[in-house]
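Novice: give me a model of this one.
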Amino acid sequence: MRERFANVWDALEDTPAQAENMKVRSELMIALQEHIKKEGLSQVEAAKIFGVTQPRISDLMRGRIDLFAIDSLVGMLGTAGMHVELHIAKAA
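Specialist: Numbering: from 1, shown residues only. Below is the predicted model of the structure:
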């Protein structure tokens with residue numbers, strides 16, 4: 001019998017805490033990627049706005065989740081004029 005998971009992070013990570021951290025980071029990264037695309041920003045333009053280097057934006061756009069902490073992603077979203085909302089619920 002195959003084990004079923006609610007999402008990919010639950011399957012990949014060793015602990016529920018690690019899976020939750022990855023879920024949050026991935027959602028924040030997706031929001032930043034979508035913002036950059038929607039605004040039609042080049043990586044150089046995005047880097048200037050967010051106060052990071054162009055290679056850092058390249059890592060973001062390539063989904064290098066292992067290179068980003070939640071606090072840096074939230075900071076970038078705030079710099080972009082975006083608001084982060086948080087919803088916490090008991091695990092199923």
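
Novice: from here on, just use CA atoms for contacts and neighbour counts.
Specialist: Fine.

Novice: Thr15: how many residues sit nearby?
Specialist: Using other CA atoms under 10 Å, Thr15 has 11 other residues around it.

Novice: and it, how far is that from His83?
Specialist: Distance of Thr15 to His83, computed by CA to CA, to the nearest Å: 28 Å.

Novice: and if you look at Leu73?
Specialist: Leu73 sits 12 Å away from His83, going by CA to CA.

Novice: in the chain, which residue is closest to the centre?
Specialist: Met29 (2.4 Å; CA atoms, centre = their mean).

Novice: so that one touches Asp71, yeah?
Specialist: No - using CA atoms under 8 Å, Met29 is not in contact with Asp71, being 11.6 Å away.

Novice: who are the packing partners of the longest helix along the chain?
Specialist: Identified as the longest helix of the chain according to DSSP state H is helix 16-39. Packing partners of helix 16-39 (3 or more CA pairs under 8 Å, 6 or more residues apart in numbering; DSSP states H and E): helix 8-12, helix 54-61, helix 70-79.

Novice: how far is stretch 16-36 from where the chain is centred?
Specialist: Stretch 16-36 sits 3 Å away from the centroid of its parent chain (CA atoms, centre = their mean, to the nearest Å).

Novice: output the lowest mean pLDDT helix or strand found in this protein.
Specialist: helix 8-12 (a mean of 49; mean pLDDT, DSSP states H and E).
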